[in-house]
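**Q** this is a predicted model, with the sequence first.
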Amino acid sequence: MLRVHFTGRDLEYIRIARRPDPLWEIVCSVCRLQTKEGPLVFGPWRRAVAPRLKGDAAARGAALALRSLVPFGPYFPDFLTPAVDGGTTDLRQGIEGVLSTPRRRLRDELVLLAEGGESAVTGVRVRPFAGAELARGDTTALRALGGLLSSYDEVFVAPFRHRIDEAVALDVAWRSRELSAGGTRALLGTFRPMARWSPPVLEVEYPVERDLYLDGRGLLLVPSYFCWRMPITLVDDALMPMLVYPVAKSVERPVDRPAGPEGAGSVSSLVKLLGPTRAALLREVAARGCATTSELAEAVGSSLPNTSQQLAILREAGLASSRREGRFVLHIPSPLGLTLLETTSP
């Protein structure tokens, strides 16, 4: 159990990262490669990347090297996911943060990794990539690590970023809506059952017993696609407090659906393409960011049954996403839907 202790100032300084952090997606996906967890959610992704693991020596080398730094277990080095206030959406910026890690911190965290013993999956003792060289801050080793992170992202994460962005956008829209309607208590309540708010402590499912005192620094909530089952936080309490949590993942469509609308540039009219009701619904949900079925029905002047039907068509086409929250169904535009709107705008 992780117990996150809040002060009054901390409650005023809770932030939600608007986009997934690319380094956290890399780290969490490396863990997902090592196990068969979440077969319905991650199975299609594993099958999609399997040919590259078998037939691409560079891709396999990057995955194996990063697995040595992120073994499936209770610890991996904090320096692989540098904390940036408000979150980072830029991989290059994140890698620069990794490469600028102070030498003492590199050494201390790699020592902790080596002391962690065997991988929970393979039973083999962890031998970190370029361990001695990396621990002393060797420039060549650090640049090699940066290249591995970039190469891994290119093969295992970037081709599925549309799916990652869609899931995160829906999660952030929902939690932001709850925050707007009910304040911090409502926001923290959205994390049940993996976390429980018992003022002034947030009790989080965690593999070890730990207390995290925010001491007025606030808390950054980081949504993650590849995070699974329970949230993650940095080991070093002195670093900026953050909680990386798993977002809901849809299993309705294959994970390797193409990322963009082919030939969208030739579409001269959104109405001609989608029909007047669906075009109006897509514009309206994009303008609102997040809306219920009844709100959209009222906005476009359509009946609830017809609105639900048209939204289902938009969802099946990959132009919108939905999730049920109690009595309501919330809708947001997908990245593909936003791209289509941008492409067909006058």
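**A** Sure thing, it's come through. Because the structure is predicted, anything quoted here is derived from the model rather than measured.
**Q** alpha carbons only for contacts and neighbour counts from here, please
**A** OK.
**Q** measure how far the helix or strand that contains Ala114 is from the centre of its chain, please.
**A** Element membership for Ala114, per DSSP states H and E: helix 103-115. What separates the centre of helix 103-115 from the centre of its chain is 26 Å, taken as C-alpha atoms, centre = their mean, to the nearest Å.
**Q** mind giving me the packing neighbours of that helix?
**A** On a contact count with 3 or more C-alpha pairs under 8 Å, 6 or more residues apart in numbering; DSSP states H and E, helix 103-115 meets helix 131-135.
**Q** quick one on the thing from earlier: for the helix holding Ala114, which outside residues touch it?
**A** 69, 75-79, 126-128, 131, 134-137 (C-alpha atoms under 8 Å, 6 or more residues apart in numbering).
**Q** what do you get if the cut-off is 10 Å, keeping everything else the same?
**A** 68-71, 74-80, 98-100, 116, 125-129, 131-138, 235-236 (C-alpha atoms under 10 Å, 6 or more residues apart in numbering).
**Q** I'd like the mean pLDDT over it, please.
**A** Average pLDDT, helix 103-115: 91.
**Q** mind checking which of the contacts of helix 103-115 are buried?
**A** 68-71, 76-80, 98-99, 116, 126-129, 131, 134-137, 235 (16 or more other C-alpha atoms under 10 Å).
**Q** just the ones of those in helices?
**A** 68-69, 98-99, 131, 134-135 (DSSP state H).
**Q** of the residues you listed, which is the nearest to Ile26?
**A** Leu69 (11.7 Å; C-alpha to C-alpha).
**Q** excluding covalently adjacent residues, which one is nearest to that closest one?
**A** Pro128 (5.3 Å; C-alpha to C-alpha, 6 or more residues apart in numbering).
**Q** tell me the contacts of Gln214?
**A** Rather than Gln, residue 214 is Leu. Contacts of Leu214 (C-alpha under 10 Å, 6+ apart): 4-7, 9-11, 237-238, 240-242.
**Q** restricted to buried residues, select those residues in ChimeraX.
**A** The following ChimeraX line selects those of the contacts of Leu214 that are buried, judged by 16+ other C-alpha under 10 Å:
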select :4,5,6,7,10,11,240,241,242
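**Q** return the subset of the contacts of Leu214 lying in helices.
**A** 9-11.
**Q** would you turn those into TSV with distance to Trp228 and pLDDT?
**A** Listed next are those as TSV, based on distance: C-alpha to C-alpha, whole Å; pLDDT from 0 to 100:
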residue	distance to Trp228	pLDDT
Arg9	30	94
Asp10	26	95
Leu11	26	93
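**Q** just give me the closest of those to Glu178.
**A** Leu11 (15.1 Å).
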